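In: Any chance you could fold what I've pasted below:
(one chain, ligands or ions: 3)
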Amino acid sequence: MNAHVRPADPKKLIKGATGDWEVVVGMEIHAQVTSNAKLFSGASTSFGAEPNAHVSLVDAAMPGMLPVINAECVRQAVRTGLGLNAQVNKRSVFDRKNYFYPDLPQGYQISQFKSPIIGEGEIVVDLSPTEQITIGIERLHLEQDAGKSIHDQHPTMSFVDLNRSGVALMEIVSRPDLRSADEARAYVTKLRTILRYLGTCDGDMEKGNLRADVNVSVRKPGDELGTRCEIKNVNSIRFIGQAVDVEARRQIGIIEDGGTIDQETRLYDPVKGETRSMRSKEEAHDYRYFPDPDLLPLEFDDAFVAELKAHLPELPDAKKARFIADYGLSPYDASVLVAEREQADYFEAVAKGRDGKAAANWVINELFGRLNKEGQDVSTSPVSAAQLGGLVDLIGEGVISGRIAKDLFEILWSEGGDPRVIVETRGMKQVTDTGAIEKAVDELIAANPDKVEQVKAKPTMLGWFVGQAMKASGGKANPQALNEILKAKLGIE
Ligand SMILES: Nc1ncnc2c1ncn2[C@@H]1O[C@H](COP(=O)(O)OP(=O)(O)OP(=O)(O)O)[C@@H](O)[C@H]1O
Ligand SMILES: [Mg+2]
Ligand SMILES: [Mg+2]
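Out: Ligands and ions are numbered 1, 2, ... in the order given. Below is the predicted model of the structure:
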């Protein structure tokens, strides 16, 4: 359901002393554009270099240097806009956002203010595998990142590292459509997934490549929007949820004590679990935005957009729907698999031409379970999709039982190899030779006359016989053949 018209959900309200409160959240996400060079210079964007190793004269704001737009960053912003079902503006303008800070050598940031490259769009956010909400996107604009001040290297001096100065960011601004900490987390999770699918931002929050400004206000259900506070630079999805909850409760406390909320910028302190004021609106910057005279308006044509659109990858929602339709997966399994593109690709390599549900089961429960336990992911999986596919084939063909397949998985994980060859050379094949099974069953019956008596009165005892016979076969008896033979010999239906 569209969030603009969503009535307050009683389950999401926060109880206060004066009644229930609804929390309203809007997000500004800063996503570092995946590109080799910076937005207006040829300097490298690679992470982890020596301080000031990737700084061109433009990034250092040497007099007389002129910015030159990096076409790749423009393509990435347009691709992102298309992925967010958003309006692509064929004409946009770069503005100067003026402020002074030691890590900003130009004295202004080049950003887009009135005419952003991308206008309104929307994202379908998954609250659970079967519950979705649509969240509005207000705009996406391109801007430069600032440098970094370093205060902890010297007792009396601060240093500046300009490696990040001038790196392209996309600021993606949502409408105030989110209504809880969970929704805020789900929104960032989905946006991050879409960006990673598109390859326009790697979504690495630990490196600061994706960070959120979280705007929070509270109101009584049905009221107009309350005054927002903006919590700057929250850098993990967990902290985003915590910041929303903590800030909403702080605001409710103030209003219920008869106070009012001042619009201000705050910081979330995860150690103390509180938000702290950074600056109030009164102290807010007057950025004196104006069009950057060194840059022409950014213009492109329909063909440019159409070309990018034609080469967009399949995005998570479409992939999920296709996995459900083509492979008969549950919404839950499909959601797990499409959360990362590499995972989805791996699954599809296993599932193509095979039983999709069996493939999903092996990929999610066995492989992902194991990868998780070992702190690895699909990209470093010791078991390849071809090997896991081979294992699924062997089960499907009745060559190995499900139980033996787990042993085979273990061998593939620790030693590698061709599943078919392993099964052959290590004698792991399922025994479908009824003669051999019959012999084992005869021996079992002869050795346990008391149990044979019991099973006649209580057919559920059959399980005991199945277990014993299976054990005697080293887990290799074909379960179906074994069941039939046991029933016939014991004379039960
Ligand atoms: N009453 C409100 N409660 C919660 N969020 C709100 C409210 N009003 C607006 N917002 C959200 O606040 C954000 C405002 O971001 P925007 O970039 O437009 O402006 P800004 O924060 O003033 O500027 P800057 O980019 O300089 O931080 C949007 O995500 C919007 O949805
Ligand atoms: Mg903003
Ligand atoms: Mg803001």
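In: any idea what the residue lying closest to residue 227 once chain neighbours are set aside is structurally, helix, strand or coil?
Out: Nearest residue to residue 227, sequence neighbours excluded (Cβ to Cβ, 6 or more residues apart in numbering): residue 261, at 4.3 Å. To be clear about C-beta, it is placed using only N, CA and C from the backbone, and glycine gets the same treatment. Residue 261 falls in the coil class when you classify it by DSSP: H, G, I helix; E, B strand; the rest coil.
In: got the phi/psi numbers for residue 261?
Out: Backbone geometry at residue 261, expressed as degrees, to the nearest 10, gives phi -90, psi 130.
In: Does it touch residue 219 like I think?
Out: No - in this structure, residue 261 is not within contact of residue 219 by Cβ atoms under 8 Å, at 10.5 Å.
In: shared neighbours, these two?
Out: Counting by Cβ atoms under 8 Å, 6 or more residues apart in numbering, the residues touching both residue 261 and residue 219 are residue 226.
In: What's the nearest residue in this structure when you look at ligand 1?
Out: Scanning the chain for proximity to ligand 1 using Cβ to the nearest ligand atom identifies residue 26 as nearest, at 2.2 Å.
In: Which parts of stretch 326-335 count as buried, going by neighbours?
Out: 327, 329, 331, 333-335 (16 or more other Cβ atoms under 10 Å).
In: Out of those, which is nearest to residue 453?
Out: Residue 453 lies nearest to residue 333 out of those, by Cβ to Cβ, at 45.0 Å.
In: Could you chop this protein up by domain?
Out: 3-308, 314-425, 434-490 (automatic domain parsing).
In: Roughly how far does residue 105 sit from residue 361?
Out: 56 Å (Cβ to Cβ, to the nearest Å).
In: for this protein, what are the low-confidence residue spans?
Out: Filtered on pLDDT under 70, the chain yields the residue ranges 1-5, 281-284.
In: Which of the residues in stretch 298-305 are classified as buried?
Out: Applying 16+ other Cβ under 10 Å to stretch 298-305 flags 298, 300, 304-305 as buried.
In: Inside strands: which ones of those?
Out: Those of the buried residues of stretch 298-305 mapping onto strands are residue 298, per DSSP state E.
In: got the residue ranges for the helices in the stretch 201-350 of the chain?
Out: Ranges of helices within the stretch 201-350 of the chain are 237-256, 302-310, 316-327, 331-338, 341-351, based on DSSP state H, counting those that start in this stretch.
In: Of those, which is nearest residue 265?
Out: When these are compared by Cβ to Cβ, helix 237-256 sits nearest residue 265, at 11.9 Å.
In: For the closest one, name the packing helices and strands.
Out: Packing partners of helix 237-256 (3 or more Cβ pairs under 8 Å, 6 or more residues apart in numbering; DSSP states H and E): strand 14-16, strand 19-32, helix 181-198, strand 210-219, strand 229-234, strand 264-269, strand 274-280.
In: What count of nearby residues applies to residue 385?
Out: For residue 385, the neighbour count with other Cβ atoms under 10 Å is 20.
In: Not counting sequence-adjacent ones, nearest residue to it?
Out: residue 349 (3.5 Å).
In: Spatially nearest residue to the residue nearest to the spatial centre of the chain (excluding sequence neighbours)?
Out: In the chain, the residue lying closest to the centroid (Cα atoms, centre = their mean) is residue 193, at 4.2 Å. Closest residue in space to residue 193, ignoring its immediate chain neighbours: residue 316 at 5.4 Å, by Cβ to Cβ, 6+ apart.
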